[in-house]
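1. Pasting the sequence and the predicted coordinates here, then a few questions.
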Amino acid sequence: MPEPTTAPAATAPGPGAPLALSLLDRTRTTAPPGGGPGDDAAAVRATVERAVRAQALGYHRFWVAEHHAVPGVVGPAPAVLLGAVAAALDPSSALRIGSGGVMLPNHVPLVVAEQFAVLQALRPGRVDLGVGRSAGFTAPVRAALRADGSDAQEFTAALGELLDLLHGRAPVTVRPRVPAPPVTVLATGAGLAAAAQLGLPVVVGGPALEDPARLAQYREQFVDHGHGGPRVAVLTDVLVADDVAAARRELLPQAWSLAVSRTRGEFPPLPAPGDVDLAALSARERRTVDAVLAQGVVGTEAQVRRQVGDLLARLGAQELLVATTVHDPDLQAESDARLADALLG
């Protein structure tokens, strides 16, 4: 097997500094025009195909997510999906693959360590293990997973156990025996504290993007355990289009889906932009839609480049992890390409 080529340096953005640009693909289903169920199998295949395109475009990482029993998000098994992604990539590719993330309340740490050791054996030095503390989306799902959620102390303990297993400090030996993949925390408030205590990098999105004080506290409390210093990646929606209005139109289904999920308990398949019925939303759901659209980084190449620079500088972040999924697969591919050209070209 050829040796992997060297990945671009992921230094803090600044004049002349390269940007680490990455994708998080949630394996979203899309509804046909006029409504109807999505094609789950097609969504899984589309994730693998998107990873292959990301490799060609020069993206730094390609991450997949974990969601269970949700009709609009069909990626319940990150390690399995990443195995398919690894098999589809050029062995010499610099693209990193990983999870955004594995939800520790749903798993025994030993099994997570073993799964990612297998991936590391298949794609040496190009695997990341992102972890989070969310449990199942609804009470029946949590019951089926035998997971009632975890408080901050339980999550920190499970994360510490996972690190011990990966680094050979546990009473049992993880096999295959390979170098430990880097671990990153998908950070809420409690997640930031756990990451600081254990000396791990973080991915932040949502409310944390509006509160740099949280990240300042993470850096102040950071304890160096030999995994490197504090490091921040920003997770947000980014969409390049001919103008802001066109970008927001294509982002609207994702914003609608998030709003509905928070009030009705499930992510529906992404509708076509013209099928989104804003008039049927409650006032609370409409506020969520407006907030998602306002927080997204959208517009032309020049507009997006400026907004991304401002966002990363404000948060002291070194990496942009793009979470956007649009309904039209051709438009998705075009936006990914235009974004790479705008920020990496």
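-> All right, it came through fine.

2. Make sure Asn106 is actually in contact with Gly136.
-> Yes - shown here, Asn106 and Gly136 form a contact pair, counting by Cβ atoms under 8 Å, at 7.1 Å. For every residue, glycine as well, the C-beta is placed using N, CA and C.

3. if I look at those two, which residues touch both of them?
-> His68, Leu145, Ala147 (Cβ atoms under 8 Å, 6 or more residues apart in numbering).

4. what secondary structure does the last one sit in?
-> Assigned with DSSP: H, G, I helix; E, B strand; the rest coil, Ala147 falls in the coil class.

5. which ones are touching Leu162?
-> If a contact means Cβ under 8 Å, 6+ apart, then Leu162 has Leu104, Pro109, Val112, Ala113, Val131, Val183 as its contacts.

6. cool, and Glu319?
-> Contacts for Glu319 were tallied using Cβ under 8 Å, 6+ apart; they are Ala10, Leu19, Ala20, Leu21, Ser22, His60, Arg61, Arg231, Val232, Ala233, Val234.

7. Sheet partners, orientation included, of the host helix or strand of Leu239?
-> Using DSSP states H and E, Leu239 falls within strand 238-240. Paired with strand 238-240 in the same sheet, following DSSP bridges, are strand 297-299 (parallel).

8. hey, where'd the strands end up in this structure?
-> Using DSSP state E, the strands of the chain run over 20-25, 61-64, 96-99, 102-103, 127-132, 183-186, 202-204, 232-236, 238-240, 297-299, 319-322.

9. Each with direction, which strands does the fifth one pair with?
-> So that's strand 127-132. strand 96-99 (parallel), strand 102-103 (parallel), strand 183-186 (parallel).

10. picking that back up, and which of the shared contacts of Asn106 and Gly136 is nearest Gly265?
-> Ranked by distance to Gly265 (Cβ to Cβ), these are led by His68 at 12.9 Å.

11. Return the residues in contact with that closest one.
-> With contact taken as Cβ under 8 Å, 6+ apart, His68 is in contact with Pro76, Asn106, Gly136, Phe137, Val141, Ala144, Leu145.

12. before we move on, what about Ala302?
-> Neighbour list for Ala302: Ala342 [criterion: Cβ under 8 Å, 6+ apart].

13. give me that answer again for 10 Å
-> With contacts taken as Cβ atoms under 10 Å, 6 or more residues apart in numbering, Ala302 has the following neighbours: Val240, Ala342.

14. Let's have the strands paired with strand 127-132 in a markdown table, adding mean pLDDT, distance to Leu239 and mean neighbour count.
-> Formatted as a markdown table, the strands paired with strand 127-132 follow (pLDDT from 0 to 100; distance: least, Cβ to Cβ, whole Å; neighbours: other Cβ atoms under 10 Å):
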| stretch | mean pLDDT | distance to Leu239 | mean neighbour count |
| --- | --- | --- | --- |
| strand 96-99 | 98 | 23 | 26 |
| strand 102-103 | 95 | 27 | 26 |
| strand 183-186 | 96 | 21 | 26 |
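
15. Out of those strands, the one nearest Asp242 is which?
-> Checking those against Asp242 by Cβ to Cβ gives strand 96-99 as the closest, at 31.0 Å.

16. Let me see the mean pLDDT of the strand holding Leu239.
-> Across strand 238-240, pLDDT averages out at 95.

17. chain center to it: distance?
-> Averaging C-alpha positions (Cα atoms, centre = their mean, to the nearest Å) puts strand 238-240 16 Å from its chain's average.

18. switch to numbering from 50
-> In the new count, where the first residue is 50, that last one comes out as strand 287-289.

19. Let me see the confidence value for Arg387.
-> The predicted structure scores Arg387 at 97 on the pLDDT scale.

20. For it, which non-adjacent residue is spatially closest?
-> Across the structure, with Cβ to Cβ, 6 or more residues apart in numbering as the measure, the residue nearest Arg387 apart from its sequence neighbours is Val289 (4.0 Å).

21. which ones are touching the one you found?
-> Residues near Val289 by Cβ under 10 Å, 6+ apart: 295-296, 346-354, 373, 383-392.

22. what are the ranges of the helices in the stretch 150-299 of the chain?
-> Residue ranges of the helices in the stretch 150-299 of the chain, as given by DSSP state H, counting those that start in this stretch, are 158-171, 188-194, 201-215, 238-247, 261-270, 293-313.

23. Cheers, nothing more for now.
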